[in-house]
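In: Return a 3D structure for these sequence lines:
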Amino acid sequence: MNIIQLAQLLEFPQHGDDRGHLVIVEGMQDIPFDIKRIFYIYGSDSEVVRGQHANRKSEFILINVAGMSKVRVKDGKGNEAVFSLNRPHTGIYLPKMIWKDMYEFSKDSVLLCLSSEHYDPDEYIRDYGEYEKEISVCRGLIS
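Out: Presented below is the predicted three-dimensional model:
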(Lines give C-alpha, C1' and ligand atoms only; values in the text may rest on other atoms or scores of the structure.)
Protein backbone atom coordinates (compact mmCIF):
# COMPACT_ATOMS: atom_id res chain seq x y z
CA MET A 1 0.00 0.00 0.00
CA ASN A 2 1.45 3.37 -0.95
CA ILE A 3 1.33 6.41 1.32
CA ILE A 4 -1.44 8.09 -0.70
CA GLN A 5 -3.71 5.13 0.10
CA LEU A 6 -2.97 5.64 3.81
CA ALA A 7 -4.37 9.18 3.61
CA GLN A 8 -8.05 8.61 4.07
CA LEU A 9 -11.32 10.37 4.65
CA LEU A 10 -12.84 9.64 8.07
CA GLU A 11 -16.41 10.15 9.21
CA PHE A 12 -16.93 10.86 12.90
CA PRO A 13 -20.07 9.95 14.87
CA GLN A 14 -22.65 12.73 15.07
CA HIS A 15 -24.98 13.08 18.00
CA GLY A 16 -27.84 15.51 17.81
CA ASP A 17 -31.34 16.49 18.59
CA ASP A 18 -33.43 19.63 18.31
CA ARG A 19 -30.70 21.55 20.18
CA GLY A 20 -28.08 20.92 17.50
CA HIS A 21 -25.24 18.52 16.76
CA LEU A 22 -22.26 17.24 18.71
CA VAL A 23 -19.24 15.54 17.11
CA ILE A 24 -16.71 13.78 19.32
CA VAL A 25 -13.17 12.86 18.20
CA GLU A 26 -11.10 10.88 20.70
CA GLY A 27 -7.45 9.96 20.31
CA MET A 28 -6.72 6.24 19.86
CA GLN A 29 -10.44 5.59 19.40
CA ASP A 30 -11.76 7.68 16.51
CA ILE A 31 -8.28 8.49 15.17
CA PRO A 32 -5.09 6.38 15.16
CA PHE A 33 -3.01 8.50 17.56
CA ASP A 34 -3.10 10.41 20.85
CA ILE A 35 -3.62 14.12 20.29
CA LYS A 36 -0.64 16.21 21.42
CA ARG A 37 -1.34 19.46 19.57
CA ILE A 38 -4.40 21.26 18.22
CA PHE A 39 -4.36 24.29 15.94
CA TYR A 40 -6.69 25.81 13.39
CA ILE A 41 -6.46 27.89 10.25
CA TYR A 42 -8.97 30.63 9.44
CA GLY A 43 -9.06 33.92 7.55
CA SER A 44 -7.34 32.47 4.46
CA ASP A 45 -8.92 33.45 1.15
CA SER A 46 -9.49 31.18 -1.82
CA GLU A 47 -6.18 32.14 -3.48
CA VAL A 48 -4.00 31.19 -0.49
CA VAL A 49 -2.15 27.85 -0.35
CA ARG A 50 -1.26 26.69 3.17
CA GLY A 51 0.79 23.73 4.30
CA GLN A 52 3.27 23.11 1.49
CA HIS A 53 5.30 20.73 3.62
CA ALA A 54 5.72 17.17 4.87
CA ASN A 55 6.42 16.03 8.43
CA ARG A 56 8.94 13.39 9.43
CA LYS A 57 7.16 12.41 12.68
CA SER A 58 3.72 14.04 12.87
CA GLU A 59 0.45 12.48 11.78
CA PHE A 60 -2.56 14.77 11.31
CA ILE A 61 -6.34 14.81 11.18
CA LEU A 62 -7.76 17.83 9.29
CA ILE A 63 -11.41 18.78 9.81
CA ASN A 64 -13.18 21.79 8.32
CA VAL A 65 -15.41 22.59 11.28
CA ALA A 66 -16.86 25.53 9.32
CA GLY A 67 -16.86 26.27 5.62
CA MET A 68 -14.79 24.25 3.21
CA SER A 69 -11.31 23.74 1.78
CA LYS A 70 -9.39 21.26 -0.32
CA VAL A 71 -6.34 19.21 0.61
CA ARG A 72 -3.91 17.87 -1.99
CA VAL A 73 -1.57 15.12 -0.84
CA LYS A 74 1.49 13.84 -2.71
CA ASP A 75 3.83 10.93 -2.02
CA GLY A 76 6.98 12.16 -3.79
CA LYS A 77 6.69 9.35 -6.35
CA GLY A 78 4.25 11.04 -8.73
CA ASN A 79 1.03 9.99 -6.98
CA GLU A 80 -1.43 12.53 -5.61
CA ALA A 81 -4.99 12.79 -4.37
CA VAL A 82 -7.33 15.71 -3.62
CA PHE A 83 -9.84 15.70 -0.78
CA SER A 84 -12.68 18.18 -0.31
CA LEU A 85 -13.43 18.95 3.31
CA ASN A 86 -16.90 20.43 3.55
CA ARG A 87 -18.72 18.69 6.41
CA PRO A 88 -17.88 19.26 10.10
CA HIS A 89 -18.18 15.55 10.91
CA THR A 90 -15.61 14.37 8.35
CA GLY A 91 -11.86 14.71 8.30
CA ILE A 92 -8.81 13.44 6.52
CA TYR A 93 -6.11 11.34 8.16
CA LEU A 94 -2.61 12.23 6.96
CA PRO A 95 0.25 9.88 7.90
CA LYS A 96 3.80 11.11 8.43
CA MET A 97 5.98 11.78 5.37
CA ILE A 98 3.15 12.87 3.10
CA TRP A 99 3.25 16.24 1.32
CA LYS A 100 0.19 18.40 1.97
CA ASP A 101 -1.25 21.57 0.42
CA MET A 102 -4.45 23.13 1.76
CA TYR A 103 -6.22 25.56 -0.59
CA GLU A 104 -9.51 26.96 -1.96
CA PHE A 105 -10.64 28.09 1.47
CA SER A 106 -14.18 29.45 1.65
CA LYS A 107 -14.60 32.82 3.39
CA ASP A 108 -16.00 31.09 6.49
CA SER A 109 -13.47 28.23 6.56
CA VAL A 110 -12.08 27.09 9.90
CA LEU A 111 -9.71 24.16 9.35
CA LEU A 112 -9.05 22.28 12.60
CA CYS A 113 -5.79 20.32 12.75
CA LEU A 114 -5.11 17.55 15.28
CA SER A 115 -1.49 16.42 15.53
CA SER A 116 0.22 13.38 17.01
CA GLU A 117 3.28 15.44 18.00
CA HIS A 118 4.19 18.69 19.70
CA TYR A 119 5.57 21.38 17.36
CA ASP A 120 9.16 20.77 16.29
CA PRO A 121 10.41 22.89 13.36
CA ASP A 122 13.17 20.34 12.62
CA GLU A 123 10.68 17.66 11.59
CA TYR A 124 9.20 19.82 8.81
CA ILE A 125 10.35 19.40 5.20
CA ARG A 126 9.40 22.63 3.42
CA ASP A 127 11.17 22.09 0.08
CA TYR A 128 9.52 19.59 -2.29
CA GLY A 129 12.86 18.63 -3.89
CA GLU A 130 14.28 17.78 -0.46
CA TYR A 131 11.13 15.81 0.31
CA GLU A 132 11.55 13.76 -2.88
CA LYS A 133 15.18 13.03 -1.92
CA GLU A 134 14.16 11.84 1.56
CA ILE A 135 11.37 9.67 0.14
CA SER A 136 13.86 8.18 -2.33
CA VAL A 137 16.30 7.35 0.48
CA CYS A 138 13.50 5.79 2.56
CA ARG A 139 12.45 3.71 -0.46
CA GLY A 140 16.06 2.54 -0.92
CA LEU A 141 16.27 1.43 2.70
CA ILE A 142 13.02 -0.54 2.47
CA SER A 143 13.78 -2.41 -0.77
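In: what about the strands in the protein?
Out: Using DSSP state E, the strands of the chain run over residues 8-11, 14-17, 20-23, 37-42, 50-55, 60-66, 69-74, 80-85, 90-94, 99-103, 110-115, 124-125.
In: what about the protein, any weak spots by pLDDT?
Out: Along the chain, segments meeting pLDDT under 70 span 1-3, 139-143.
In: Could you pick out the longest helix of it?
Out: Ranked by number of residues, the top helix in the chain under DSSP state H is helix 128-142.
In: related to what we said a few turns ago, can you redo the strands of the chain as JSON lines with distance to Y131?
Out: The way it works is simple: take the backbone N, C-alpha and C, and place the C-beta from them, glycine included. JSON lines is the format used below for the strands of the chain (distance: least, CB to CB, whole Å):
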{"stretch": "strand 8-11", "distance to Y131": "21"}
{"stretch": "strand 14-17", "distance to Y131": "36"}
{"stretch": "strand 20-23", "distance to Y131": "32"}
{"stretch": "strand 37-42", "distance to Y131": "21"}
{"stretch": "strand 50-55", "distance to Y131": "5"}
{"stretch": "strand 60-66", "distance to Y131": "16"}
{"stretch": "strand 69-74", "distance to Y131": "8"}
{"stretch": "strand 80-85", "distance to Y131": "13"}
{"stretch": "strand 90-94", "distance to Y131": "14"}
{"stretch": "strand 99-103", "distance to Y131": "6"}
{"stretch": "strand 110-115", "distance to Y131": "18"}
{"stretch": "strand 124-125", "distance to Y131": "5"}
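In: what would the ones you listed look like in JSON lines with distance to C138 and mean neighbour count?
Out: Output for those, formatted as JSON lines (distance: least, CB to CB, whole Å; neighbours: other CB atoms under 10 Å):
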{"stretch": "strand 8-11", "distance to C138": "21", "mean neighbour count": "14"}
{"stretch": "strand 14-17", "distance to C138": "38", "mean neighbour count": "10"}
{"stretch": "strand 20-23", "distance to C138": "35", "mean neighbour count": "12"}
{"stretch": "strand 37-42", "distance to C138": "24", "mean neighbour count": "13"}
{"stretch": "strand 50-55", "distance to C138": "11", "mean neighbour count": "19"}
{"stretch": "strand 60-66", "distance to C138": "19", "mean neighbour count": "21"}
{"stretch": "strand 69-74", "distance to C138": "15", "mean neighbour count": "21"}
{"stretch": "strand 80-85", "distance to C138": "18", "mean neighbour count": "16"}
{"stretch": "strand 90-94", "distance to C138": "17", "mean neighbour count": "22"}
{"stretch": "strand 99-103", "distance to C138": "13", "mean neighbour count": "20"}
{"stretch": "strand 110-115", "distance to C138": "21", "mean neighbour count": "20"}
{"stretch": "strand 124-125", "distance to C138": "12", "mean neighbour count": "16"}
